[in-house]
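**Q** One predicted model, sequence on top.
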Amino acid sequence: MDKMKTVDAEKDFDQPVKKQPEQASEEAVVRDGFALVTFLKPHFDRDKDDHAFVSYEMSLPLTEEHAKWVPEEIAEAWEVVSDHGYKVGEIRIENQRAEILLAPKVKEGSLIVDTAEIESAMISTVVESGSGEDKEVIRLKFRVRMELDNDAGRFARVHFGHPVWLKLEPLQRKLIK
């Protein structure tokens, strides 16, 4: 049995021990193939045959961590924006398999889309403010379009405006680069 430590009124209360501030560590924005993105808002539409679809509008600032995460078409446009500073819009991206998690490595509440269209993709240089100082970032904005079913509708209703973790995988691998 441990001995109980007695309290010294002068030492413990007149000169309290202060906890040292923890070092601020940057959290990884890409983990296990998933990138942290902001799910801005859903967009609903129908095709000519009256099938319902929902598009999740997503946005993220691109960093070096994203170099291996982004599809090849995005990487090429990113290079142009980095070199020249202007906006590149309507980037054509092949259909992807998308997996969206609420937190890293947490499958509960996730959404898997076997065939997702990536549309309205654009990369631009923007000035981010609100964190104390203005800073210039390269921002990727795009929509992940899928058939509207109960799961996609519920996910859109509950999670828009929140950060989520997104993994994109091409449906077909390219044999020749």
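**A** Happy to help now that I have it.
**Q** Looking at the helix or strand containing residue 122 now, give me its mean pLDDT.
**A** Residue 122 is part of strand 111-128, with elements assigned from DSSP states H and E. Regarding strand 111-128, the rounded mean pLDDT is 93.
**Q** Contacts only, for residue 52.
**A** 44-46, 147-148 (C-beta atoms under 8 Å, 6 or more residues apart in numbering). Quick note: C-beta positions are derived from backbone N, CA and C, even for glycine.
**Q** do the same with residue 90
**A** Contacts of residue 90 (C-beta under 8 Å, 6+ apart): 120-122.
**Q** Repeat that for residue 31.
**A** 104-105, 165.
**Q** ok, 6 Å please
**A** residue 104 (C-beta atoms under 6 Å, 6 or more residues apart in numbering).
**Q** burial of residue 165, as a residue count?
**A** Counted with other C-beta atoms under 10 Å, the neighbours of residue 165 add up to 22.
**Q** Revised request: answer the last question for residue 158.
**A** The burial count for residue 158: 10, using other C-beta under 10 Å.
**Q** and if you look at the one 3 residues further on?
**A** Applying other C-beta under 10 Å, we find 8 residues neighbouring residue 161.
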